[in-house]
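Engineer: return a 3D structure for these sequence lines:
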Amino acid sequence: MATEKKRKLAESTAKRSNGSIKRKRRSPEYESPAPAATSDNDSDISEGVEVKTSKNAPTSNGNESAVDEEEQSMKKSFADLGIIDSLCDACTALGYKAPTPIQAESIPLALQGRDVIGLAETGSGKTAAFALPILQALMDKPQSLFGLVLAPTRELAYQISQQFEALGSLIAVKCAVLVGGMDMVPQAIALAKKPHVIVATPGRLLDHLQNTKGFSLRTLKYLVMDEADRLLDLDFGPILDKILRVLPRERRTYLFSATMSSKVESLQRASLSNPLRVSISSSSYQTVSTLLQSYFFIPHKHKDIYLVALLSDHIGHSCIIFTRTVHETQRLAFLLRALGFGAIPLHGQLSQDKRLGALNKFKAHSRDILCATDVAARGLDIPSVDLVVNYDLPTDSKTYVHRVGRTARAGKSGMATSLVTQYDVEVFLRIEKALGRKLTEQEMVKEEVMAYADKVSEAQRVAIRQIKDFDEKKKTKGGKGLGMRNRGGGKGKDNMDAEEG
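Structural biologist: Presented below is the predicted three-dimensional model:
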């Protein structure tokens, strides 16, 4: 079937590049650290218990205990889950109308004092799923250095901290964010003020554990590893091993992940004690039902023109455009600005301040288009994105799912579309196969699209000049141009906190 579809797509490319296109829709190895870090013997560690929450979710077996589905389905508010009134009020103030599935299933287990593994698709509300139980326990027994959240990226760490502080505003919860790429001295000062919750990337946390005088986590009560699959994809395994060895054994641990790989399984066995597993997604490549996915099959040479035509149909809507390279991200931002669009780039070669500035401008709607590499595909809390565009298709299906997961978050609807050229057919078919479905094809009237050709051509020339200027400024400051990825080798653990760009 895939071969036949590929043949048809390839044959239709030449036909469409010459013919009229009308807009319509068609149907279409982490080595686990010593268990002694959290348990006295191997019998204290279980494989986790499946809580069946979707039609295709794994079922419990053998001596594993399962949560009664009928009882769970009746819980329709945060109060029903056992969340106290003050935190329910905070949820209402933040616009959380009702618990998402991952919240509804995992929060009651956490409130029972169990270790929890939460598997759920991107945009499912995982942060509140672990933040609310921790805050409720903190309100019951206030103390400093109560909770630790490990996150794979700097941006995600800041956003988790913001959500903790927003949900815990009534008790003035204090958070400290420890991430690479920032001065360690202000972070050490923040630690000296005894925050309730620390949110950190693993490399920088280990730096402080080893070098900040008087800092330890001996009194820690809660550990969260968010985006655990991403933590391990970024090779944080050895650092996680060292961190786990210095944490107290008597603690509650929550592990949240989009997928359950063998590496995540190993991490779970090493860090959690007799956990309950909540699985919302029925597969590693599931997307939410409120997400409308489609694609345009277009000639490669007119890719920029089709992108501009597409964006012109979505003026005023917030949009993230994903590319494969830093160069393309910056070029598209320059090109779209030259055409009057409010575009801003986000990639790994920007400074931390500029990256946070770009995110804040996009979230505040002062810019409505974010041109991004996969640095933005995971974990970023951007509440309202109307449209995701894959300008370049990702090379793997998992990245596709995480990209399109930037829209249709927490029950909202959204659209994601991909620009598929004659050179992308094989990758596109792999993505469809992984999703287990055919995406909806859309088309545009060719004459309407090509009406943008002259303006786009001029904007391309402007973008090329601006890229050259950008490169010169980077080189003058001792950096690298956009033709290279600045990995900054040999600068210690903080480099592991740098996202892909």
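
Engineer: residue ranges in this protein under the pLDDT threshold?
Structural biologist: The chain contains residues with pLDDT under 70 at 1-75, 121-123, 281-288, 376-381, 410-411, 477-501.

Engineer: which helix in it runs the most residues?
Structural biologist: Longest helix in the chain, counting residues (DSSP state H): helix 453-476.

Engineer: what comes up buried for that one?
Structural biologist: 456, 459, 463, 466-467, 470-471, 474 (16 or more other C-beta atoms under 10 Å). (Glycine included, C-beta is placed from N, CA and C.)

Engineer: again with stretch 393-403
Structural biologist: Using 16+ other C-beta under 10 Å as the burial criterion, the residues of stretch 393-403 that qualify are 393-394, 397-403.

Engineer: kindly export that stretch (C-alpha atoms) in PDB.
Structural biologist: C-alpha atoms of stretch 393-403 as PDB (Å, rounded to 0.1, in the frame of the first residue of the first chain):
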ATOM      1  CA  LEU A 393       8.900  17.600   7.500                       C
ATOM      2  CA  PRO A 394      10.800  16.100  10.500                       C
ATOM      3  CA  THR A 395      12.800  13.000   9.800                       C
ATOM      4  CA  ASP A 396      11.000  10.900  12.400                       C
ATOM      5  CA  SER A 397       7.400  10.300  13.400                       C
ATOM      6  CA  LYS A 398       7.900  11.100  17.100                       C
ATOM      7  CA  THR A 399       9.100  14.600  16.300                       C
ATOM      8  CA  TYR A 400       6.100  15.100  14.100                       C
ATOM      9  CA  VAL A 401       3.800  14.200  16.900                       C
ATOM     10  CA  HIS A 402       5.500  16.600  19.300                       C
ATOM     11  CA  ARG A 403       5.500  19.400  16.800                       C
END
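
Engineer: pretty sure residue 399 sits against residue 373.
Structural biologist: No. Between residue 399 and residue 373 there is no contact under C-beta atoms under 8 Å: 10.7 Å.

Engineer: now list whatever residues contact both of these two.
Structural biologist: Counting by C-beta atoms under 8 Å, 6 or more residues apart in numbering, residue 399 and residue 373 have no shared contacts at all.

Engineer: among the buried residues of helix 453-476, which one lies nearest to residue 156?
Structural biologist: Comparing the buried residues of helix 453-476 against residue 156 with C-beta to C-beta picks out residue 474 as the nearest, at 25.9 Å.

Engineer: and residue 256, its phi and psi?
Structural biologist: According to degrees, to the nearest 10, the main-chain angles of residue 256 amount to phi -120, psi 140.

Engineer: would CSV of the buried residues of helix 453-476 with distance to residue 145 be doable?
Structural biologist: As requested, the buried residues of helix 453-476 are arranged in CSV below (distance: C-beta to C-beta, whole Å):
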residue, distance to residue 145
456, 55
459, 52
463, 49
466, 47
467, 46
470, 43
471, 45
474, 40
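
Engineer: pull the most distant pair out of those residues.
Structural biologist: Using C-beta to C-beta, the buried residues of helix 453-476 span at most 25.9 Å, a distance reached by 456 and 474.

Engineer: if we can go back for a sec, the longest helix of the chain packs against which elements?
Structural biologist: Helix 453-476 sits against helix 303-312, helix 326-338, with contacts defined as 3 or more C-beta pairs under 8 Å, 6 or more residues apart in numbering; DSSP states H and E.
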